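Visitor: Show me how the following folds:
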Amino acid sequence: MWSPDRNSGTTLYMQIAEHLAQKIRCGEFPPGSGLPSERKLAGQLGVNRSTVVLAFSELRSIGLIESRSGSGTRVSLADSEETPKHTPNWSQYADDSSMVRNPPFLRKISEALQQNPELIDMASGQLSGDLAPTQEIAEIMSQNRPMSYLGYDNPQGYPPLREALVRYLNRHRGIDTTESSLLITSGSQQSLYLIIRCLLSPGDAVAIEDPSYCFSLPMFQTAGLRVFRLPLDQHGVQPEDIRQLYKKHRIKMVFLNPNYQNPTGTLLSEERRRKVLDIASELALPIIEDDPYSLTAYDGEPPAPLKALDTTGSVIYIGSFSKIAASGLRIGWMAAPRAIVERLADARQQMDFGLSVIPQQVVATFLDSPQFVPHLERLRRELQFKRDMVTAALRREFQGRAEFLEPRGGIHLWCKIGADYNENRLLEQSIRNGFVFGPGSVYGSEPGCLRLTFGRANAGDIDRGIAALREAAEKLDLF
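Guide: Numbers count the residues shown, from 1 in each chain. Prediction:
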């Protein structure tokens, strides 16, 4: 994010004025569009409000902006000439888009992290930099590997990566598949998007866990789907709830995250897994299994995915490189019937003509390398260490006033710290204290819950972060 240079010979307010003028002239702020308030812009740029007041005054003096009581500061409309000139109403285009925006809490968290990168981040659903196999990937990329072609890739993904995934899924997940039944995606979210947009229609009913990461995905609402909840307990969903939703609403798909579920960290019991598959087979009901965390099992014995137990072809299996290595490589995959893979590959080709070959080659090499298993072992140890730090800090800081279930894998801890309270106030106070978390309502939860992503936070920041959360809770008299 741009910020004024305090060592420049140009005053701060003139730097800000020139920066805004450039954005106005290049069309980023078209005529008639609103500018941030003086207070908000001052906070974003780390300057006094009076500095922004001077910058706005400079822009008003040259006719670029205008301020009106009650409507804030806006970019001036073009002067009328003999032939009127009109600018498209870009704000209306943005507001009228059929694509639903991300939940307000997620936008607030993103904005806070952009404005203050020093925040202790236990909200973002990814690994911290120290957990990534940075050195191993750097070595792979530094090797002179011949690349015969750098054009558009195979619509289903880089063939050597799909071949490596066949071996990986068999070796580490007990899944037998073929490269023709695999589709490479830019991550689990793109896999879900393709399934929702291509295999379902507006008005279709689907079932998701409650709470669930899926609640934070506006793509379900954008697609016009009717979403029904499957409540979770400490052993996952109740299989009979699936049957009841099918009878009542004729659900067409079930979306499950059975291994170290996001956000609760729960593990679907083996008995319930088999019952879910029996019901799916009985009803010819597709199961979409999202499995990003299973290889993080702290005891080194990952639970079998539904796909490995599926004997009737009921499960579409989604995986990702993001939660076991590096989200920045943007590599995910889907194992599905060949007809589905071909249909979704065709749809994805309309979006981007396929992924970059280079990160696919890196991942293909890493999956087969002797460094892959040691990396997983280190990742498990470090995640368990961070989990233990979080649980110890919660017990120490909250003195029994925080309820949680210790996950046995994954990167999230689900916590309840009080009765119904104003999540927005708690989040804002926590941000002021230098800490950010995932509000429970983003995931469709009962009041009083929040998600702490210990996989993202640096170990040295965890104690201070939980202390900041406790201070915020006490300031708001939550207990």
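Visitor: So the nearest residue in space to residue 195 that is not next to it in sequence versus residue 47, what's the distance?
Guide: Nearest residue to residue 195, sequence neighbours excluded (Cβ to Cβ, 6 or more residues apart in numbering): residue 288, at 6.1 Å. Quick note: C-beta positions are derived from backbone N, CA and C, even for glycine. From residue 288 across to residue 47, the span is 48 Å (Cβ to Cβ, to the nearest Å).
Visitor: repeat for residue 159
Guide: With Cβ to Cβ as the criterion, residue 159 and residue 47 are 53 Å apart.
Visitor: Ok, residue 326 next?
Guide: From residue 326 to residue 47 the distance is 36 Å (Cβ to Cβ).
Visitor: Comparing the two, which shows the higher neighbour count?
Guide: More crowded of residue 326 and residue 47, by other Cβ atoms under 10 Å: residue 326, with 23 against 19.
Visitor: what's that one in contact with, if anything?
Guide: Contacts for residue 326 (Cβ atoms under 8 Å, 6 or more residues apart in numbering) come out as 127, 132, 133, 134, 137.
Visitor: State the number of residues packed around the residue nearest to residue 195.
Guide: By other Cβ under 10 Å, the residues close to residue 288 number 24.
Visitor: Am I right that it is in a strand?
Guide: Yes - the assignment for residue 288 by DSSP: H, G, I helix; E, B strand; the rest coil puts it in a strand.
Visitor: Numbering from 494 from now on, please.
Guide: Yep, numbering from 494; the last one is residue 781 now.
Visitor: contacting residues around it?
Guide: Residue 781 touches 685, 688, 746, 747, 748, 749, 808, 809, 811, counting by Cβ under 8 Å, 6+ apart.
Visitor: switch to 7 Å and redo it
Guide: Residue 781 makes contact with 688, 746, 747, 748, 809, 811 under the criterion Cβ atoms under 7 Å, 6 or more residues apart in numbering.
Visitor: Repeat that for residue 702.
Guide: Going by Cβ under 7 Å, 6+ apart, residue 702 touches 723, 725, 730, 749, 750, 754.
Visitor: from the residues you listed, which ones fall inside strands?
Guide: Counting by DSSP state E, the part of those found in strands is 723, 725, 730, 749.
Visitor: So what sits opposite the residue lying closest to residue 618 once chain neighbours are set aside in the bridge?
Guide: Nearest non-adjacent residue to residue 618, counting by Cβ to Cβ, 6+ apart: residue 946, 5.7 Å away. Beta-bridge partners recorded for residue 946 (DSSP bridges): residue 905.
Visitor: how many other residues sit next to residue 946?
Guide: With other Cβ under 10 Å as criterion, residue 946 counts 25.
Visitor: follow-up on the earlier one: which two of the ones in strands among the contacts of residue 702 have the greatest separation?
Guide: The largest separation in the ones in strands among the contacts of residue 702, counting by Cβ to Cβ, is between 725 and 749 at 10.3 Å.
Visitor: who has more neighbours, those two?
Guide: Legend: neighbour count by other Cβ under 10 Å for residue 725 and residue 749, higher for residue 749 (26 against 19).
Visitor: does that one really touch residue 779, like I thought?
Guide: No - with contact defined as Cβ atoms under 7 Å, residue 749 does not count as touching residue 779 (10.9 Å).
Visitor: Adding pLDDT and distance to residue 761, write the ones in strands among the contacts of residue 702 out as TSV.
Guide: Formatted as TSV, the ones in strands among the contacts of residue 702 follow (pLDDT from 0 to 100; distance: Cβ to Cβ, whole Å):
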residue	pLDDT	distance to residue 761
723	96	11
725	95	9
730	97	7
749	97	7
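Visitor: Spell out for me which residue occupies the centre of the protein.
Guide: Among the residues of the chain, the one closest to the centroid is residue 618, at 5.7 Å (Cα atoms, centre = their mean).
Visitor: Surely it is in a strand?
Guide: No - secondary structure assignment (three-state DSSP) places residue 618 in coil, not in a strand.
Visitor: Tell me the pLDDT of it.
Guide: Per-residue pLDDT puts residue 618 at 87.
Visitor: next one: residue 573
Guide: Here the pLDDT value assigned to residue 573 is 43.
Visitor: Residue 638 too?
Guide: Residue 638 carries a pLDDT value of 65.
Visitor: all strands for the stretch 844-972 of the chain, in order.
Guide: Taking DSSP state E, counting those that start in this stretch, the strands of the stretch 844-972 of the chain run over residues 896-897, 905-909, 928-932, 942-946.
Visitor: my bad, the stretch 494-643 of the chain
Guide: Under DSSP E, counting those that start in this stretch, the stretch 494-643 of the chain gives strands at 558-561, 565-568, 613-615.
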